[in-house]
Structures are given as C-alpha cells and as structure tokens.
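J.: Any chance you could fold what I've pasted below:
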Amino acid sequence: MDAVDIITYSGEINRQGYAMLCDVLQKKVTEKALLVLATPGGDPHAGFRIARALQHTYENFDAVIPGACKSAGTLVVVGASKLYMDDMSELGPLDIQVKKSDEVIGRNSGLDVLQAVSYLQTNAMSAFRSYLLELTSQAGLSTRVASDIASRLTTGLYEPVFAQVDPMRLAEMQRAMEIAFAYGRLLNERSGNLRHEGLEKLVTGYPAHAFVIDRKEAKSIFVAVEKPEGFLLQLCQGLYSNMQKNQFSPSPEVAFYALKGDQDADPANQSAPANQPSSAGRAQGNGQVDCGSADPAENGSASCGDISAFVNA
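T.: Numbers count the residues shown, from 1 in each chain. Down below sits the predicted model:
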C-alpha cells in the first residue's frame, strides 16, 4: 500500500462534521487521501463542503464504504476518484430530503410531490382517453361532443386532488432536486467518476430514499467501483463495527491517520492496540501509522496500534 492519509468519518453529515474535517486536514502528510465513511446522510450543503475540502486539499481521494453511506454521504463520494465497496456496503439515492411542512420531526423525499404530480397527470390523461373512446365508440357521439364531456368528467374527478398540491411546496421540492444536480455536477468535474446519466439516475432513478445501491448497482452509476482487497479489505472490515456504533449520531467522529507505505510495515513489531477514539463530536489525533514503531501519536488519541492491529500490509 502506497503512502496515503486515511480519514475516517462516522455520523451524520453536518456543519459540525465539516468543521472537524477541516481541522484534521491541516495534518496532511501526502497528496492522496482515503476517506472511510459511514453515515445515514444529512445536510447536502455540508456534504458538498466536505467533498470540496478533500478535493482542494489532495490531488485526489478515494472512498471506502464499510457499511451504509446514504443520501448526503453519497453526495460526498461523488467527489471521490474511486469507490471501494465490500459485500455489506451500500449507497443511497440523492433525492434530497425536505422537512415536512406540518411536522417538527420528519422529512419527505424531494421526489415525493414531483412523483405525485406526475402520477396524477398520467392518470388524468388515461381517464380522459378512456371516457373519449367510450363515448365515441359505444355512445355514438361525435368526437367534439365526446371530448367536451370527457374533459368535464376528468376535471370533476381530478380537480379536487390537484387542488391539494401546494405550488410553493412543489417549487421547494424542485429546488431540492436542483441542489442535488448542481452539487453533483460540480464535484464530478474534478473526480470524473460518474457515468453518463449516472447523476440523473442517482437523483431521480430510484423509487425510495431508502433504496439499497449495492456494489453491482453502483457500477452502473460510477466508473471506478471495486471490491476492497488486502489492506483495504482489512481496513474496511476492521473499522466496520466501531464506525457503525456512531453512524447515526448527530455528533460525528472524525479521525486522521497517515499511512507511510509498504516499506515501513512490520507487523511483528506492532504495539498493542491503543484505545479507540474516546468521544463523539470531537476530531481525533494525528496518528502516524508507522508499523515499524511502537511510539504513540503526538496527541495521544491515535497510535500505530489503532489501525495496524488489524492491517497486515
């Protein structure tokens, strides 16, 4: 494994997590980063800032997905040059969530109202054609008279339903979808990892916000998607349990490690694993993952053992 900065992020995507990431990026050692991400999603604006910060700091960054990485987390990895997804890994669609107008807690997918309107339009047209055909073929009415009656019947049936659609809410949902498209395009200008129409598929191509995009499906959206092997597989599996514990927390955990490369790896000289990062909502230390040394990191919150205990690179 070549020298690389490893950054782990578990928890909701929010401004707090963005600020913590910016703090650890100041510890940059190499020109390449590996982001290990576990998140249910969150704020798309913060997700864009996180991916942009990584793109600005490094020549490129790859993303490792140990388990679930949903919604705004998917937006973050749009900025990655390559994705590594294990058998339990999954992404989610980019249909941005909008706060429900009548509830303090709860969100709707940006597609909900748009899909509802599309459904009503399709069914209204189908009803009109059905009335028209029945009136002309079975009742023997002229096309002009039949179309007038069919129009009145269709309007009477669907007008009360269409009246419940709030134009302002419809515009809000439309803007939410445009945010996903705009941020996705900007991030892909640098990463170039989205296939043609891949962004459109992420934003509008799935029936539910919780839809599972596994490794096979991800390959239809992204150009570079691989199953992790060797060091990356051990990293993915070794971090899975700990990162899942904080995955849904509103206080993210962000950690930084610098892997010096294969030439320094010496599993026989590893120290005993140090304690794991101690508290949510706090950026952890500057761990120099040098498996030839048992010295702890400067800040005392990460050492060789933190990662090398399960890495045999």
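J.: Tell me where the chain has strands.
T.: 4-10, 32-38, 60-65, 68-69, 83-85, 90-91, 97-99, 107-109, 225-226, 253-259, 283-289 (DSSP state E).
J.: what about the stretch 51-200 of the chain, any weak spots by pLDDT?
T.: Scanning the stretch 51-200 of the chain for pLDDT under 70 picks out 96-119, 165-166, 168-174.
J.: ok, Cys236 - how many residues close by?
T.: 24 (other C-beta atoms under 10 Å). In short, each C-beta sits where N, CA and C put it, glycine included.
J.: now swap in His196 and tell me
T.: His196, neighbours per other C-beta under 10 Å, totals 8.
J.: tell me the phi and psi of it?
T.: phi -60, psi 130 (degrees, to the nearest 10).
J.: For Ser137, which of the strands of the chain is the nearest?
T.: strand 107-109 (41.0 Å; C-beta to C-beta).
J.: Residue ranges of each domain in this structure, please.
T.: 4-99+179-308, 107-165 (automatic domain parsing).
J.: The stretch 1-150 of the chain: helices as residue ranges?
T.: With DSSP state H, counting those that start in this stretch as the criterion, the stretch 1-150 of the chain has helices at 15-25, 44-57, 72-78, 111-137, 143-162.
J.: Out of the ones you listed, which is closest to Leu259?
T.: Here helix 15-25 is closest among the helices of the stretch 1-150 of the chain (C-beta to C-beta), at 14.6 Å.
J.: nearest to Pro167, of the strands of the chain?
T.: strand 97-99 (14.9 Å).
J.: if we can go back for a sec, winner for burial among the domains of the chain?
T.: domain 4-99+179-308 (a mean of 20; mean count of other C-beta atoms under 10 Å).
J.: Tell me who's in contact with Ala218.
T.: Leu83, Met85, Leu91, Val225 (C-beta atoms under 8 Å, 6 or more residues apart in numbering).
J.: now the nearest residue to the third one once chain neighbours are set aside: how far from Val223?
T.: With C-beta to C-beta, 6 or more residues apart in numbering as the measure, Ile213 is the residue that lies nearest to Leu91, at 4.1 Å, once sequence neighbours are left out. Computed as C-beta to C-beta, to the nearest Å, the Ile213 to Val223 distance reads 15 Å.
J.: what's the answer for Gly92, then?
T.: 19 Å.
J.: one step back: so can I have JSON lines of the strands of the chain showing distance to Leu194?
T.: Formatted as JSON lines, the strands of the chain follow (distance: least, C-beta to C-beta, whole Å):
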{"stretch": "strand 4-10", "distance to Leu194": "21"}
{"stretch": "strand 32-38", "distance to Leu194": "17"}
{"stretch": "strand 60-65", "distance to Leu194": "13"}
{"stretch": "strand 68-69", "distance to Leu194": "16"}
{"stretch": "strand 83-85", "distance to Leu194": "11"}
{"stretch": "strand 90-91", "distance to Leu194": "12"}
{"stretch": "strand 97-99", "distance to Leu194": "21"}
{"stretch": "strand 107-109", "distance to Leu194": "21"}
{"stretch": "strand 225-226", "distance to Leu194": "11"}
{"stretch": "strand 253-259", "distance to Leu194": "26"}
{"stretch": "strand 283-289", "distance to Leu194": "30"}
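J.: So for Arg190, which of those strands sits nearest?
T.: That would be strand 60-65 among the strands of the chain, by C-beta to C-beta, at 8.2 Å.
J.: Parallel or antiparallel, list what pairs with the closest one.
T.: strand 32-38 (parallel), strand 83-85 (parallel) (DSSP bridges).
J.: how far off strand 4-10 does that strand point, in degrees?
T.: Calculated by axes from the mean of the first three to the mean of the last three C-alpha atoms, to 10 degrees, strand 60-65 forms an angle of 40 degrees with strand 4-10.
J.: now what about strand 60-65, what contacts it?
T.: For strand 60-65, using C-beta under 8 Å, 6+ apart, the contacting residues are 32-38, 54-55, 69, 76-77, 79-86, 89-91, 191, 228, 232, 235-236.
J.: Same question for stretch 197-217.
T.: Taking C-beta under 8 Å, 6+ apart as the rule, stretch 197-217 contacts 70-71, 74, 78, 85-87, 89-95, 97, 109, 111, 177, 180-181, 184-185, 188, 220-222, 225, 227.
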